[in-house]
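> output the structure for:
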Amino acid sequence: MKRLMDKIGETVKGRLAEAKLSPLEDEIRKYILREFAKNGRPPSPEEIMKELGVSSVDVVYQTIEKLQKFDIITKKKDKIISAYPFSATKMRHKVIFEDGREVYALCATDALGIHFMLGEEYNHPVQMPGM
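Model prediction:
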């Protein structure tokens, strides 16, 4: 499992290196991931702007566009629908944490890796239909 997580990590690192994110763009990316982990959904561009003190919502939209261009997030219209490994839409793979919060993962491997990414104990099941 660790080897697979390392491979996935390398893929994401490659995309991030290619994107050459500015410190602000990377902070926006990290904030999106933290909010997915905390709430099971991504923040809106307006929430990002307010929470991070970004000068303009246009800066947030430009960052979201850049993150999509480098396959770091996926969006539909103006809404973020995924940020590896999280999904905002109901998927087959759901991670349930000890505190009861739930998040959807893009695939089974992502579901298994979320605990590692967040540095949390893997004490609770990952629900995967048909298994």
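
> could you give the bridge partners of the residue sitting nearest the centre point of the chain?
Nearest to the mean C-alpha position of the chain, counting by Cα atoms, centre = their mean, stands Ala83 at 3.3 Å. Judged by DSSP bridges, the bridge partners of Ala83 are Ile73, Phe86.

> wait, isn't it in contact with Pro42?
Yes: counting by Cβ atoms under 8 Å, Pro42 is a contact partner of Ala83 at 6.3 Å. C-beta here means a position set from N, CA and C on the backbone, and glycine is covered the same way.

> need the overlap of contacts for those two.
32, 36 (Cβ atoms under 8 Å, 6 or more residues apart in numbering).

> if we can go back for a sec, wait, what's in contact with the residue nearest to the centre of the chain?
So Ala83 contacts 29, 32-33, 36, 42, 67, 72-74 (Cβ under 8 Å, 6+ apart).

> what ranges does this protein have for its helices?
2-19, 23-39, 45-52, 57-69, 108-118 (DSSP state H).

> now render the ones you listed as CSV, adding distance to Ile96, mean neighbour count and mean pLDDT.
Formatted as CSV, the helices of the chain follow (distance: least, Cβ to Cβ, whole Å; neighbours: other Cβ atoms under 10 Å; pLDDT from 0 to 100):
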stretch, distance to Ile96, mean neighbour count, mean pLDDT
helix 2-19, 20, 12, 69
helix 23-39, 13, 17, 93
helix 45-52, 24, 16, 97
helix 57-69, 27, 17, 96
helix 108-118, 10, 18, 79
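
> what residues sit buried inside stretch 86-103?
86-88, 91-95, 97, 103 (16 or more other Cβ atoms under 10 Å).

> what's the average pLDDT for that stretch?
Stretch 86-103 shows a mean pLDDT of 87.

> coming back round to it: looking at the buried residues of stretch 86-103, which are in strands?
86-87, 93-95, 103 (DSSP state E).
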